[in-house]
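Provide a 3D model corresponding to the input given below.
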Amino acid sequence: MDDRGHVHHVYLIPGLFGFATLAGYDYFTHLEAAIGARYADAGIPLRLVIVPSLPTSSITDRAAELARSVISTASADDGPIHLIGHSSGGLDARLLLSPSRRVLFRSDELDWSRRVRTLVSINTPHYGTPLAAYFSTVSGTRLLYALSLLTVATLSLGRAPFAGLAGAVSAVRAIDGKLGLDIRLVDELTENLLRFVGDRGQREIREFLTNIHRDQSGIVQLMPEVAELFNATTRDNPNVRYGFIATSAPAPRPGRVLGAALSPLRALQLVLYTTLFGVASRADRRGYARPGVDQARALEVGLRRAPKPEHVDGVVPTLSMVWGEPLWCGAADHLDVVGHFDDDMKPSTHVDWLHSGSRFSRRDFADMMDAVCRFIFAE
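Have a look, this model is predicted:
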């Protein structure tokens, strides 16, 4: 079917801990700009919508939020619909499109699903991640809070205001393989952060963090054991083309600790990344996906090595990201792929906090987005 004369509806779906906008920052700002530019070059009318996020709610609740977003924005015409989910956002979309779905809507309210042409999952834990089980522990809950806080802080405020956080961040303990954060440090970080945003931003950030504490059911659903059941009961829609992005990031290097010591913020970032990577790379006995021939070839070429269960993007195992047609594979961490990476070009337009050392660049990001849009535009 030739859909080029119709308005395309593209939906960007955040993953766990993700958001649409927060304290004035658009989480998908780089994806939004990249997709918009490629649609304009192709001469195809576009309506792009960023789906509101329930940070750590269940996949079912998040899928329902996605459905509400599409119902309210795509009912005025009969144009094609494309879904792009980052991290667990890909699972929300898979559940909603599945013929075996169980969501709180009448069948006629989901008539729009026949218009969905593609689902692109970006670093999605289709087979789960060991981090989910860790986040359910006391130490993991503290890490979850610090991770969310640092994400919000870095992306909302950028680099400059962090000078005011130095006193709080300097309390980070030595890196010894365990997370050295305590509740007092997290509280201090929170209060220092909130001094740099207005009243509206403070309310949004507090609500975001409160929602994470209030409902963490989505985290449990990312355990490999639960993902196994999800995959067994969630059938693909035969009328939708599924494509995926898969990456891996380098393991933390001890040599980076010395450099991080010069910056309290960088020390905190390294603590978090080291902990995330160490837990996520604990290979699950299920082995995640067993790639087909084309999938395996794309992974090996893009990653320059055959992926193993212990290869991760810092959050999700690489072999857990495999679902459908491989679109782009390469070296990148979990946030690089949505445009949050170290930018060595001037003027700098990207802000990074994970600092994985992946060396993901603007050129890599452009190549990845070219691949995504080629897949969407394909007849």
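
mind listing the helices for the stretch 51-200 of the chain?
Counting by DSSP state H, counting those that start in this stretch, the segments of the stretch 51-200 of the chain that form helices are 59-73, 89-97, 131-135, 138-157, 166-169, 183-194, 199-214.

which other helices and strands contact the third one?
What that stands for is helix 131-135. In terms of contact count using 3 or more CB pairs under 8 Å, 6 or more residues apart in numbering; DSSP states H and E, helix 131-135 is assigned the packing partners helix 138-157, helix 217-220, helix 264-280. In short, each C-beta sits where N, CA and C put it, glycine included.

show me the shaky parts of the stretch 151-300 of the chain.
Where the stretch 151-300 of the chain drops to pLDDT under 70, the residues are 151-216, 254-268.

and with 50 instead?
Of all residues in the stretch 151-300 of the chain, those with pLDDT under 50 make up the ranges 159-183, 258.

can I assume residue 64 is in contact with residue 105?
Yes. With contact defined as CB atoms under 8 Å, residue 64 counts as touching residue 105 (7.2 Å).

more neighbours, these two?
In terms of neighbours (other CB atoms under 10 Å), residue 64 is the more surrounded of residue 64 and residue 105; the figures are 19 against 14.

show me what contacts residue 7?
45, 46, 47, 77, 79 (CB atoms under 8 Å, 6 or more residues apart in numbering).

tell me how far it lies from residue 115.
Between residue 7 and residue 115 the distance, using CB to CB, to the nearest Å, works out to 11 Å.

can you pull the residues that touch both of these two?
The contact sets of residue 7 and residue 115 overlap at residue 79 (CB under 8 Å, 6+ apart).

and residue 313, how close does it get to residue 124?
11 Å.

between these two, which contacts overlap?
Contact with both residue 313 and residue 124 is made by residues residue 321, according to CB under 8 Å, 6+ apart.

tally of neighbours for the nearest residue to residue 71 once chain neighbours are set aside?
Distances taken as CB to CB, 6 or more residues apart in numbering put residue 109 closest to residue 71, at 6.2 Å, once the chain neighbours are dropped. For residue 109, the number of neighbouring residues by other CB under 10 Å comes to 15.

hang on, residue 109 packs against residue 70?
No. In terms of CB under 8 Å, residue 109 does not count as a neighbour of residue 70; the distance is 9.9 Å.

returning to what we had before: look at residue 313 and residue 124 and report which has more neighbours.
Neighbours per residue (other CB under 10 Å) separate residue 313 from residue 124, with residue 313 holding more: 31 against 28.

hmm, the more buried one is touching residue 333, no?
Yes. Assessed by CB under 8 Å, residue 313 is found in contact with residue 333 at 5.1 Å.

report the set of residues contacting both of those two.
A shared contact of residue 313 and residue 333, defined by CB under 8 Å, 6+ apart, is any residue touching both; here these are 247, 249, 356.

by neighbours, which of those wins?
The most crowded member of the shared contacts of residue 313 and residue 333 is residue 247, carrying 30 neighbours; neighbours defined as other CB under 10 Å.

three-state assignment of it?
strand (DSSP: H, G, I helix; E, B strand; the rest coil).

what sits against it?
Taking CB under 8 Å, 6+ apart as the criterion, residue 247 is in contact with 123, 303, 313, 318, 321, 329-333, 336-337, 358.

tell me which two of those residues sit farthest apart.
Pairwise distances across these (CB to CB) peak at 14.9 Å, for the pair 321 and 358.

among those two, which residue is more densely surrounded?
Shown here are residue 321 and residue 358; by other CB under 10 Å, residue 321 has more neighbours (30 against 23).

separation between the closest residue to that one other than its chain neighbours and residue 300?
The shortest distance from residue 321 to any residue other than its chain neighbours is 3.9 Å, reached at residue 246 (CB to CB, 6+ apart). With distances taken as CB to CB, residue 246 is found 11 Å from residue 300.
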